[in-house]
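Participant: predicted coordinates and the sequence they were generated for:
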Amino acid sequence: MSARENKYIIISGPEGLELPIIIPSMLDHDSVIKSGINVISAGFCFIEPEGTIFDVWCFGKSTTLNVSSRGDEDAKLIQFLLKRSAV
């Protein structure tokens, strides 16, 4: 299975927990964020499953939210949570 480009947003959840939201690339980042939500980063990502492991690449920025990707930091967070959900 090959990786497809998606968009993602990292928000600050309860007690400052960082939570990723993955959305299809056809949607605008701001279409899924309500007013008052603290957005930490946003951009584009490729997610490629390799069994129970996921390769994740994050890059770019959201022009609709005016926030940039944190690159590897965001990729590691998404990868960690995908791995946890696959167990």
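Facilitator: Looks like it came in fine.

Participant: buried sites along the one helix or strand Glu73 maps to?
Facilitator: Assigned by DSSP states H and E, Glu73 belongs to helix 72-86. The neighbour-count check on helix 72-86 (16 or more other CB atoms under 10 Å) flags 74-75, 77-79, 81-82 as buried. Every residue, glycine included, has its C-beta placed from N, CA and C.

Participant: where do the strands sit along this structure?
Facilitator: Secondary structure of the chain by DSSP state E: the strands cover 4-12, 18-24, 39-50, 53-59, 61-62, 67-68.

Participant: strands paired with the last one, and their directions?
Facilitator: Using DSSP bridges, the strands paired with strand 67-68 in its sheet are strand 61-62 (antiparallel).

Participant: now do the strand it pairs with, average pLDDT.
Facilitator: The pLDDT scores in strand 61-62 average 98.

Participant: show residues contacting it.
Facilitator: Applying CB atoms under 8 Å, 6 or more residues apart in numbering, the contact partners of strand 61-62 are 7, 9, 29-30, 42-43, 67-69.

Participant: picking up where we left off before, reformat the strands of the chain as a markdown table; add mean neighbour count.
Facilitator: Formatted as a markdown table, those follow (neighbours: other CB atoms under 10 Å):
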| stretch | mean neighbour count |
| --- | --- |
| strand 4-12 | 18 |
| strand 18-24 | 15 |
| strand 39-50 | 18 |
| strand 53-59 | 18 |
| strand 61-62 | 18 |
| strand 67-68 | 16 |
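
Participant: sorry, back to before: out of the contacts of strand 61-62, which is nearest to Ile22?
Facilitator: Lys7 (7.6 Å; CB to CB).

Participant: so who does the closest one touch?
Facilitator: Applying CB under 8 Å, 6+ apart, the residues near Lys7 are 22-25, 27, 29, 42-45, 62.
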